[in-house]
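# Sequence first, predicted coordinates after that:
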Amino acid sequence: MTDLLGLVWAGVVSGCLYAMGALGIVLIYKSSMVVNFAHGNLAGLAAFLVFGFTAGILGHMAWGAAVMLSLAIMVGAMALTYLLIAPLVFKSDLTSTIATLGVGLIVQGLTQMVFGSDVVSLELPLPSWRMALGPLRVSAYDLAVLAVTALAVGALYLLIERTRVGVAFRAVSANPFASRVCGLSLRRIHLFAWIVAGLLGLVASLLIVPTTFLSSTSVAAFMLQAFTAAVVGGFSSLPGAVIGGIFVGVLMNLLSFYVAAEFTNTYMLAIILLVLNLFPRGVLSARGGARV
Amino acid sequence: MVHAVPAAESGRAGAARGLPWTGMALGAALALLPALAGGYWTFTLGLCFANAIVILAVSFVVRYGGEVSIGHGVFAAVGAYTVALAERYLGVSLLVSLPLAAVAGGVLGVLFAYPSRNLSGIYLAVATMALALALPEVLLYFSGATGGYEGLYVKRDAIPGVSRELQRYYLPLAGLFAVVLLLRHFRRSRQAMALLLIRTSAPAAESFGVRRGWARLSCMAASGGIAAIGGALLAFSSSTVSPNSFTLWTSIFLLVGSVVSLYSLSLVGSLVGGIFLTLVPLVLAGAGNWVPILYGGALMAVVLGANALPASVRRRLEGGHA
């Protein structure tokens, strides 16, 4: 029982990060109907940028400055990615999805070229504080992850529900044609979604690093969990992505503890296939009917 | 999706022609090549042919299914490991295990596509990605049978009495010819028409009694089988199989090859893809990090370039088939 609670707690913590990755994927898919397979590579590059700015490869900066600069670069990178595939977006969902793989390959190559393919360690500036809360062992890292996720999800909620651009985003994802007739710029909304997704990816990839390690492929691999979370949530539901992320995080922890630890990706495949059979439209089927 | 409609309409006329002269001339030239070129080139080209077959399988899914797969390395791996395991445990050569490999690939295709048969293609793409990432874990877990990281050797000659170099060249070449001819023939079949109809308009196809789930399953089965044939020949030509040659990157590179060939199902197109996929890493052997950038750049250039062309030119470039 003690094991179980600890595992669930750790699963919720990492699930929050999967949720942030999944939110980005869903934001992009909802607005522009593109599955962004470059998401992991872009987020990985962002984490490496922070590493580069703090560890002396690109400069010696304080943490705050490095994160801010990386966020700014990420805005540019996501905008550039979207602009690259922009000519395809309205013509074919299939082709634009394939094009994101091209972007992913380029980003992957760039990351390897600048930072090498070795494993590096990136320490977050967190106090090494921890306490026992009954059977749970809570560390500063856990609380930081939960706080940042709550902040990010809360900000996203306010952004989508309360601001003009959020209303526009919802309109575009509900009916692009009608939104255009009403004078909304689809491109601008797409760009908004891509940039927000990129920022969420950066935050998630920074926070995931202490639990694994940072190499040119580790974040891209972590994104499979985010994709699974998105599938569990139905791929076009933002609350679904959050629930899916936490579900995947908890289930992963339980499976690797009680069954076998070396099958991470196989579990993901099994979860995807099972969910597709049991809940074809995700556990929260908010929007009926997937676009074909 | 948008350009699928004219392609489907003009495809009938394109497929009704005989074998194109370019394909036949190219085939004859390739058949005579080992007499002129050295062992290095026959070996490399053998790998090109095998890769071209797998690329055909990826293009098949794009053309007939309207979906993208980033997990076809897995189907190729099934074929490759079938050949290696059949040699190890049954002691049979490629000629016996090749049909087994094709069946195994087809079965995996069905098993895998079944859960997502009624859903939009994005689920298939994500599931293929998970499949590609899961494969190395499974292979390493069963390392007693699969040889773990080191993999297995494929040593047995398929045709006794013929030099090994020539076998490794001619068998993939023959396989490529056979698959291309089969695909040409398939294009005229009722099943192909049904698949194209369902791509063009699912409601229309449903009203003719063609079910979408069935289309997805049959498409993945055929594609999985073709990919497994390619993988089997790849294992035979390179004489080894190991988990390293079937990672997610392999699958993504296969998709790049398919894009570079403009999803062509013809001999020339698939060869362009196969040669691109096999030769680029060899040419750029000293600059490992440039390979993904170059592949990604090529993918973007082809996709954006093809998009910029007028529709009529694009259709002609794509060969007018399927």
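All right, it came through fine. For clarity, every value in this text was computed on a predicted model and none was experimentally measured. Numbering: from 1, shown residues only, chains lettered A, B, ... in the order given.
# just checking, what packs against the lengthiest helix in chain B?
Criterion DSSP state H: the longest helix present in chain B is helix B:212-238. Counting contacts by 3 or more CB pairs under 8 Å, 6 or more residues apart in numbering or on different chains; DSSP states H and E, helix B:212-238 packs against helix B:39-60, helix B:72-85, helix B:94-113, helix B:164-187, helix B:190-200, helix B:202-207. Placement of C-beta: from N, CA and C, glycine included.
# at 6 Å what do you get?
helix B:39-60, helix B:72-85, helix B:94-113, helix B:164-187 (3 or more CB pairs under 6 Å, 6 or more residues apart in numbering or on different chains; DSSP states H and E).
# residue of the stretch 51-200 of chain A with the smallest distance to chain B?
residue A:105 (3.0 Å; CB to the nearest CB).
# So that residue is in contact with residue B:295, correct?
Yes. The criterion here is CB atoms under 6 Å, and residue A:105 meets it with residue B:295 at 5.2 Å.
# packing partners for the helix or strand harbouring residue B:255?
Here residue B:255, judged by DSSP states H and E, is contained in helix B:248-260. When contacts are defined as 3+ CB pairs under 6 Å, 6+ apart, helix B:248-260 packs onto helix B:39-60, helix B:72-85, helix B:121-141, helix B:267-283, helix B:290-308.
# List the contacts of that helix.
Helix B:248-260 has contacts (CB atoms under 6 Å, 6 or more residues apart in numbering or on different chains) with A:101, B:54-55, B:58-59, B:70-73, B:132-133, B:273, B:276-277, B:295, B:298-299, B:302.
# count of neighbours near the spatially closest residue to residue A:87 that is not a sequence neighbour?
Leaving aside its sequence neighbours, residue A:87 sits nearest to residue B:307 (CB to CB, 6 or more residues apart in numbering or on different chains; 5.6 Å). By other CB atoms under 10 Å in any protein chain shown, the residues close to residue B:307 number 17.
# Residue A:134 now?
Neighbours of residue A:134 using other CB under 10 Å come to 8.
# and residue 280, how many residues sit next to it?
Went with chain A since none was named. 16.
# was after chain B, sorry
Counted with other CB under 10 Å, the neighbours of residue B:280 add up to 19.
# now swap in residue B:72 and tell me
Around residue B:72 there are 33 residues (other CB under 10 Å).
# residues in contact with it?
B:57, B:58, B:227, B:251, B:254.
# before we move on, back to that, quick one: which of the helices and strands packed on helix B:248-260 is nearest residue A:156?
helix B:121-141 (21.7 Å; CB to CB).
# Tell me if the closest one is near chain A.
Yes. Applying CB under 6 Å from any CB of the partner chain, one finds helix B:121-141 touching chain A at B:122, B:123, B:126, B:127, B:130, B:131, B:133, B:134, B:137.
# could you pull out the strands for chain A?
With strands called from DSSP state E, chain A shows them at A:130-133, A:136-139.
# And for the last one, what's in contact with it?
In this case it means strand A:136-139. Against strand A:136-139 from outside (CB under 6 Å, 6+ apart): A:9, A:130, A:131.
# Mark which of the residues you listed are buried, thanks.
residue A:9 (16 or more other CB atoms under 10 Å in any protein chain shown).
# can I get the contacts of strand A:136-139 in a markdown table with distance to residue A:39?
Listed next are the contacts of strand A:136-139 as a markdown table, based on distance: CB to CB, whole Å:
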| residue | distance to residue A:39 |
| --- | --- |
| A:9 | 27 |
| A:130 | 32 |
| A:131 | 35 |
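# low-confidence ranges in chain B?
Chain B contains residues with pLDDT under 70 at B:1-19, B:287-288, B:315-322.
# At the geometric centre of it, which residue do we find?
When CA atoms, centre = their mean is applied to chain B, the residue found nearest the centroid is residue B:54 (1.9 Å).
# Next, the contact list for the residue nearest to that residue when sequence neighbours are not counted, please.
Leaving aside its sequence neighbours, residue B:54 sits nearest to residue B:230 (CB to CB, 6+ apart; 3.6 Å). For residue B:230, the contacting residues are B:50, B:53, B:54, B:76, by CB under 6 Å, 6+ apart.
# Name the spans of chain A whose pLDDT lies under the cut-off.
A:1, A:281-292.
# dump the residue contacts of residue 192.
I went with chain A, as the question did not name one. So residue A:192 contacts residue A:165 (CB under 6 Å, 6+ apart).
# other chain: chain B
Residue B:192 touches residue B:186, counting by CB under 6 Å, 6+ apart.
# So it versus residue A:258, what's the distance?
47 Å (CB to CB, to the nearest Å).
# try residue A:145
When residue A:145 is compared with residue A:258 (using CB to CB), they lie 23 Å apart.
# which of these two has more neighbours?
residue A:145 (26 against 10).
# Would you agree the more buried one is in contact with residue A:207?
Yes. If you go by CB under 6 Å, residue A:145 and residue A:207 touch, sitting 5.4 Å apart.
# most neighbours, which of the contacts of residue B:72?
Using other CB under 10 Å as the neighbour test, the contacts of residue B:72 are led by residue B:227, with 36 neighbours.
# and the residue nearest to the centre of chain B, what is it in contact with?
Here residue B:54 is in contact with B:76, B:227, B:230, B:254 (CB under 6 Å, 6+ apart).
# What of residue A:29?
Per CB under 6 Å, 6+ apart, neighbours of residue A:29: A:35, A:235.
# repeat that for 7 Å
By CB atoms under 7 Å, 6 or more residues apart in numbering or on different chains, residue A:29 lies in contact with A:35, A:235, A:236.
# what residues does chain B put near chain A?
Proximity of chain B to chain A (CB under 7 Å from any CB of the partner chain) is limited to residues B:1-2, B:66, B:68, B:70, B:115-116, B:118-120, B:122-123, B:125-127, B:129-131, B:133-134, B:137-138, B:141, B:202, B:252, B:255, B:259, B:289-290, B:292-293, B:295-297, B:299-300, B:303-304, B:307.
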